[in-house]
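> Quick check, what structure comes out for this input:
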Amino acid sequence: MTYIQGFLVPVTPANKESYLKMATDVAPMFEEFGARRIVECWGENVPTGKTTDMYRAVNGEVGENVVFSWIDWGSKQACDQAHEKMMQDDRMKNMPETMPFDGMRMLFAGFETLGMSGDGGKTRYVQGYVAPVPKSNRQAFADMCATMREVALDCGALHAFDGWAEDIEDGKVTDFKQAVKAKDDEAVAFGFAEWPSKQACDEGSAKMHNDERMPGEMPLDGMRLIYGGFEVMLDTKE
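Numbers count the residues shown, from 1 in each chain. The predicted structure follows:
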């Protein structure tokens, strides 16, 4: 089991390299405070939806892309302790005032492990999602995710994670609840499947679609689920 901090960030293509440099520069400090893995992914196939999508989740402006990112802290306690230390560290106080993205529109939250599968490997492509799920459907959703992770791994995925959060703080501009129009009786799920390449993902996804184990009706409102395909820019595991 682990504890994941998930992020969605609006970044323009012109600021992609600046964002990656910032993420690469701060990664050693986060690791110093206990981060086990940091992954930054650049939107490659992020569709627009009728009700919600990842662009609207970050109040995306014309020309902006979406970064899908996560930090593995191992546990919520480790995450909380790390943030307390960071807030007292002079390096955080000396961070540049101008960032290569609008921090007010960045989404972030912590997610406990609902389930994860796979030994991992050299990840080059990620499928990520955020979904609203009725709290009463937690077990049904967990069972569905377990089946989908099993199928994904059989079809070539390296690792898959599904997380769960019920107590997400309200954001001033955006937050994960607003991103999927979550209702009061709904939690927010955050998850991803890791693949060795986009080609492997495309081929594996086609196989998954035809797999008889894939669930039919979902225990959530699929119209409000947001998702996308992302190329890995940074993976501290490597």
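> So which residues of the chain form strands?
Listed in chain order, the strands found in the chain under DSSP state E are 3-11, 37-45, 65-72, 107-117, 125-134, 159-165, 186-195, 226-235.
> Please identify the most buried of these.
strand 186-195 (a mean of 25; mean count of other CB atoms under 10 Å). C-betas here are computed from N, CA, C, even on glycine.
> Save the strands of the chain as TSV, and put in distance to Lys85 too.
As requested, these are arranged in TSV below (distance: least, CB to CB, whole Å):
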stretch	distance to Lys85
strand 3-11	15
strand 37-45	16
strand 65-72	14
strand 107-117	16
strand 125-134	28
strand 159-165	23
strand 186-195	24
strand 226-235	22
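> Can I get those in CSV including mean pLDDT?
CSV is the format used below for the strands of the chain (pLDDT from 0 to 100):
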stretch, mean pLDDT
strand 3-11, 98
strand 37-45, 98
strand 65-72, 98
strand 107-117, 98
strand 125-134, 98
strand 159-165, 98
strand 186-195, 98
strand 226-235, 98
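> between those strands, which gets nearest to Thr98?
Nearest to Thr98 among these is strand 3-11; the distance by CB to CB comes to 13.8 Å.
> For that closest one, C-alpha coordinates in CSV please.
Below are the C-alpha coordinates for strand 3-11, written out as CSV (Å, rounded to 0.1, in the frame of the first residue of the first chain):
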residue,chain,number,x,y,z
TYR,A,3,-0.1,7.2,-0.5
ILE,A,4,-0.1,9.2,-3.6
GLN,A,5,-0.3,13.0,-4.1
GLY,A,6,-1.9,13.6,-7.5
PHE,A,7,-1.6,16.7,-9.6
LEU,A,8,-3.1,18.3,-12.7
VAL,A,9,-1.2,21.4,-14.0
PRO,A,10,-2.0,23.8,-16.9
VAL,A,11,1.2,24.4,-18.8
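> I would like the residues contacting that strand, please.
For strand 3-11, the surrounding residues in contact (CB atoms under 8 Å, 6 or more residues apart in numbering) are 19, 54, 57-61, 64-76, 78-79, 100-102, 105-113, 130, 161, 163, 176, 179, 190.
> Neighbouring strands - and their directions - for it?
Using DSSP bridges, the neighbouring strands of strand 3-11 in the sheet come out as strand 65-72 (antiparallel), strand 107-117 (antiparallel).
> what angle do the longest one and strand 186-195 make?
If you take axes from the mean of the first three to the mean of the last three CA atoms, to 10 degrees, strand 107-117 sits at 60 degrees to strand 186-195.
> Likewise for the first one?
For strand 65-72 and strand 186-195, the angle between their directions (the same axes, to 10 degrees) works out to 90 degrees.
> now strand 65-72 and strand 159-165, what's the angle there?
Strand 65-72 and strand 159-165 meet at an angle of 90 degrees, taking the same axes, to 10 degrees as the criterion.
> what's the offset of strand 65-72 from the middle of its chain?
If you compare the mean C-alpha spot of strand 65-72 with that of the full chain, they lie 5 Å apart, counting by CA atoms, centre = their mean, to the nearest Å.
> same question, stretch 105-114
On the basis of CA atoms, centre = their mean, stretch 105-114 sits 7 Å off its chain's mean C-alpha point.
> Which of the strands paired with strand 3-11 sits closest to Val126?
strand 65-72 (6.6 Å).
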